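Visitor: quick one, fold the following:
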Amino acid sequence: MTLRVLHAVASVGDSYGGVAAAVAALGGVEARLRHDATLVTVHRPEEGGRILRDLPLWFDVELVPPGRLAGRFHGSARLKSTLARLVPQHDLVVVHGVFDFTAHLCGRTARQYAVPYLVWPHGSLDPYDLHKHAWAKRRLAPLWRETLAGAAAVVCTTAREAERLVDFGAGSRRTVLPLPVPTAAPDPRAVARRACGLPEDGRIVLFLGRIDEKKGLPLLLAAFDRAARPGDVLVVAGAGDDRLDRELRTTAAARPGAGRVVFTGWADPVRRRDLLAAADVFALLSDNENFGVAVAEALVAGVAVLVSDEVYLGDELAPEGAAVVTPRDPAAAGRALRDLLGDDRRRRAVGAAGRAWACRELDDGRVGDRYRQLVKEVLTRWSA
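Guide: Numbers count the residues shown, from 1 in each chain. Here you go, the predicted structure:
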């Protein structure tokens with residue numbers, strides 16, 4: 001009998017960030033396992049539809065129009081009735097996120113119909129993230145505790161996320177399962193650089209992701225200034241916070257060698273692949289990062305990865321020689337980047353080790369086996 005799994009998330013709009021990308025990646029796992037997977041989400045067209053367009057490849061998608069409330073607590077009577085219809089039809093529910101109406105209502109509906117559910121917080125229960133809207137999160141703690149206490153397990157993507165996770169006293173069972181990343185061979189570098197309009201003979205440092213305060217982009221600009229030689233290029237590919245984007249462009253234009261910093265805006269999947277194939281070093285110097293889908297994509301592409309010591313995935317990569325981890329200060333980050341750029345042999349070794357690690361740990365089949373085992377354990381305990 002085919003297992004029926006319902007995924008619920010507040011949004012799969014492009015501006016929702018890594019959560020929407022993670023849901024899409026997990027859809028591929030569900031398809032690989034031949035589960036009958038459904039996705040229910042509140043549909044806000046203004047958040048962008050690139051990710052949404054591909055979701056029907058893996059899910060039966062139910063789009064619910066938003067109610068009158070704005071922000072993360074948007075919801076409606078239609079969402080309530082949709083969940084009341086869908087939840088009893090499924091063997092398992094996967095709730096993505098914590099601090100929104102969709103997650104709370106989905107957990108409550110699953111408990112009402114005695115359907116087991118997993119909560120995938122995607123880093124939202126990390127102490128760093130809890131500082132955002134801290135007052136509201138503390139005041140509404142009973143709601144979050146209710147959702148987490150009723151879950152069969154809280155799924156984290158890294159060990160450090162599981163260790164630091166704040167569950168508001170729910171006593172949640174925690175398990176670690178990384179997100180899958182397709183492991184196709186990277187494109188030839190020269191072809192990719194021509195496609196991106198980048199110089200074929202320079203060294204290219206790439207940032208790929210949301211333009212956001214926590215991503216450490218001012219630190220990356222400072223580190224690049226210290227590490228770069230004439231002809232080197234820093235590519236900043238992404239969109240998000242328009243104010244920060246303008247500030248970064250202004251800062252880069254005022255620095256020596258301003259023409260060596262290129263801002264590309266949002267990169268679609270084809271351009272992301274080209275940029276990764278073109279890069280010598282992928283750099284993410286975040287103030288806080290649980291997993292980092294772009295980090296995983298860079299590993300698969302065989303690019304040497306440089307991350308800050310607050311990118312949790314670095315805990316698993318550094319012992320394997322699969323990434324370089326640096327403290328978050330300009331001098332240390334500049335030295336780490338300069339060392340990588342200046343040593344071709346080491347850079348290739350880090351890139352090769354990163355790809356080997358990703359192909360072993362993030363492959364759809366490997367992640368799918370671990371997910372299948374988790375689901376089996378949950379359903380066995382639930383029926384006991």
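
Visitor: how many neighbours does residue 91 have?
Guide: Per other Cβ atoms under 10 Å, the neighbour tally for residue 91 reads 18. For glycine as for every other residue, the C-beta is placed from the backbone atoms N, C-alpha and C.

Visitor: what do you get for residue 234?
Guide: Using other Cβ under 10 Å, residue 234 is surrounded by 25 other residues.

Visitor: does it count as helix, strand or coil?
Guide: Here residue 234 is strand, with the state taken from DSSP: H, G, I helix; E, B strand; the rest coil.

Visitor: next one: it from residue 334, what distance?
Guide: Look at residue 234 and residue 334: by Cβ to Cβ, to the nearest Å, they are 12 Å apart.

Visitor: find residues that contact each of those two.
Guide: Common contacts of residue 234 and residue 334 (Cβ atoms under 8 Å, 6 or more residues apart in numbering): residue 224.

Visitor: could you pull out the helices for the stretch 101-250 of the chain?
Guide: Under the criterion DSSP state H, counting those that start in this stretch, the stretch 101-250 of the chain carries helices at the ranges 101-112, 127-130, 134-139, 141-149, 159-164, 189-196, 217-227, 242-254.

Visitor: and of the ones you listed, who's closest to residue 302?
Guide: Nearest to residue 302, of all the helices of the stretch 101-250 of the chain, is helix 189-196, at 10.0 Å by Cβ to Cβ.

Visitor: where in this structure is pLDDT low?
Guide: In the predicted model, the chain carries pLDDT under 70 at residues 13-17, 45-49, 67-75.

Visitor: and it, what are its domains?
Guide: According to automatic domain parsing, the chain is divided into the following domains: 4-179+363-383, 189-361.

Visitor: reformat the helices of the stretch 101-250 of the chain as a markdown table; add distance to residue 356 and mean neighbour count.
Guide: Listed next are these as a markdown table, based on distance: least, Cβ to Cβ, whole Å; neighbours: other Cβ atoms under 10 Å:
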| stretch | distance to residue 356 | mean neighbour count |
| --- | --- | --- |
| helix 101-112 | 36 | 22 |
| helix 127-130 | 30 | 15 |
| helix 134-139 | 40 | 12 |
| helix 141-149 | 36 | 19 |
| helix 159-164 | 20 | 17 |
| helix 189-196 | 19 | 16 |
| helix 217-227 | 26 | 21 |
| helix 242-254 | 34 | 13 |
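
Visitor: make CSV out of those helices and add distance to residue 372.
Guide: Below are the helices of the stretch 101-250 of the chain laid out as CSV (distance: least, Cβ to Cβ, whole Å):
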stretch, distance to residue 372
helix 101-112, 20
helix 127-130, 29
helix 134-139, 33
helix 141-149, 24
helix 159-164, 20
helix 189-196, 35
helix 217-227, 38
helix 242-254, 41
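
Visitor: residue 263 in helix, strand or coil?
Guide: strand.

Visitor: hmm, residue 244 and it touching each other?
Guide: No - the criterion here is Cβ atoms under 8 Å, and residue 263 misses it with residue 244 at 11.6 Å.

Visitor: ok, which stretches of the protein are strands?
Guide: Shown for the chain, the strands assigned by DSSP state E span residues 4-9, 36-42, 60-64, 92-96, 117-120, 153-156, 174-176, 204-208, 233-237, 261-265, 281-284, 304-308, 324-326.

Visitor: of all these, which one is nearest residue 290?
Guide: Nearest to residue 290, of all the strands of the chain, is strand 153-156, at 7.8 Å by Cβ to Cβ.
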